[in-house]
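*Asks:* Below are the sequence and a predicted model for it; my questions follow.
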Amino acid sequence: MTALSINLNKIALIRNSRDTEYPSVAVHAARCIAAGANGITVHPRPDQRHIRADDCYELASMLNVEFNIEGNPFAPATKSDRIGVSDYPGFMEIVRLTKPAQCTLVPDTDSQLTSDHGFDLRKDGDRIAPIIAELQGLGVRVSLFMDPDPLQIRLAKSVGADRIELYTGPYAEKFGTPGQDTALSQFISASETAAELGLGLNAGHDLNLHNLFLFKNSVRNLLEVSIGHAFTVDAIEMGLDKCIKAYLSCLR
Ligand SMILES: CC(=O)[C@@H](O)[C@H](O)COP(=O)(O)O
Ligand SMILES: NCC(=O)COP(=O)(O)O
């Protein structure tokens, strides 16, 4: 079964647009879980534009499903500019304090609009390896955000990752166009490389109710998808419970 992990970034984005605690990220997480979500994902960025360090602490204290924290391991500590909002202690400090089931390392720069590429481990492998070892020493499963590049996936294995998360933006972009099958074939071969190496396979970014079923039924051994952007809009249109069930039905 492929686990559905709901990314709550966009709920936090709405919350942060006013000086209020509504909507509560924790309450929304509980509602997603009650509706059948298998996990919760957050991506605390240094500017705390959406998910804050405080959200991570609260979620870590309450979740009874897999908690996946995504981010750049080199993201530095920053000062909060909002009254009542804690400073951002640095990505690795958040993970040390919360010890989630899984940490997905993502090579985002601090100013990026969103995540839009995987690691280049030829460049970053040497400095990522000790971080992976530290997290695993804390009992945290480590996944690396990767492009569907077999060479890079082999390097992910060599630096000790437990899993990779395939960045599915390029697949989503080509879905429904003449380039769809070529794009998908890259992810299929990447999944076969991961399976050959014994790397667990996750996937995420721009997955939705239109493109998820084909992806899930094309790649091998997909363990988890993390979905937030499209899910949030779909839930507004369909209702949360119905939306969770619609996404789960794509994963059966
Ligand atoms: C790593 C990834 O693809 C997403 O999980 C990421 O969290 C999206 O970040 P934003 O929600 O800030 O666009
Ligand atoms: N890792 C992908 C994720 O958590 C959510 O990505 P998106 O569905 O918001 O594009």
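*Replies:* On my side now, so go ahead. Ligands and ions are numbered 1, 2, ... in the order given.
*Asks:* Around ligand 2, which positions in the chain sit nearby?
*Replies:* Residues of the chain lying close to ligand 2 (C-beta under 6 Å from any ligand atom) are 7, 41, 70, 165, 204-207, 226-230. For the C-beta atoms, the positions are set from N, CA and C on the backbone; glycine is no exception.
*Asks:* One more pass at 5 Å, please.
*Replies:* Counting by C-beta under 5 Å from any ligand atom, the chain comes close to ligand 2 at 7, 41, 204-206, 226-229.
*Asks:* Intersect those with the contacts of ligand 1.
*Replies:* Answer for those near ligand 1 (C-beta under 5 Å from any ligand atom): His205.
*Asks:* how about the residues of the chain next to ligand 2, which pair is most distant?
*Replies:* Thr41 and Asp206 (14.2 Å; C-beta to C-beta).
*Asks:* out of those two, which sits in the busier spot?
*Replies:* Neighbour count, other C-beta atoms under 10 Å: between Thr41 and Asp206, Thr41 has more, with 27 against 18.
*Asks:* quick one: the more buried one is in a helix?
*Replies:* No - per DSSP: H, G, I helix; E, B strand; the rest coil, Thr41 lies outside any helix segment and is strand.
*Asks:* Could you report the distance from it to Ile94?
*Replies:* 14 Å (C-beta to C-beta, to the nearest Å).
*Asks:* what residues do these two have in common as contacts?
*Replies:* Ile69 (C-beta atoms under 8 Å, 6 or more residues apart in numbering).
*Asks:* Report the secondary structure state of the closest residue to Ser24 other than its chain neighbours.
*Replies:* Of all residues not flanking Ser24 in the chain, Arg15 sits nearest, at 7.5 Å (C-beta to C-beta, 6 or more residues apart in numbering). On the three-state scheme (three-state DSSP), Arg15 is labelled helix.
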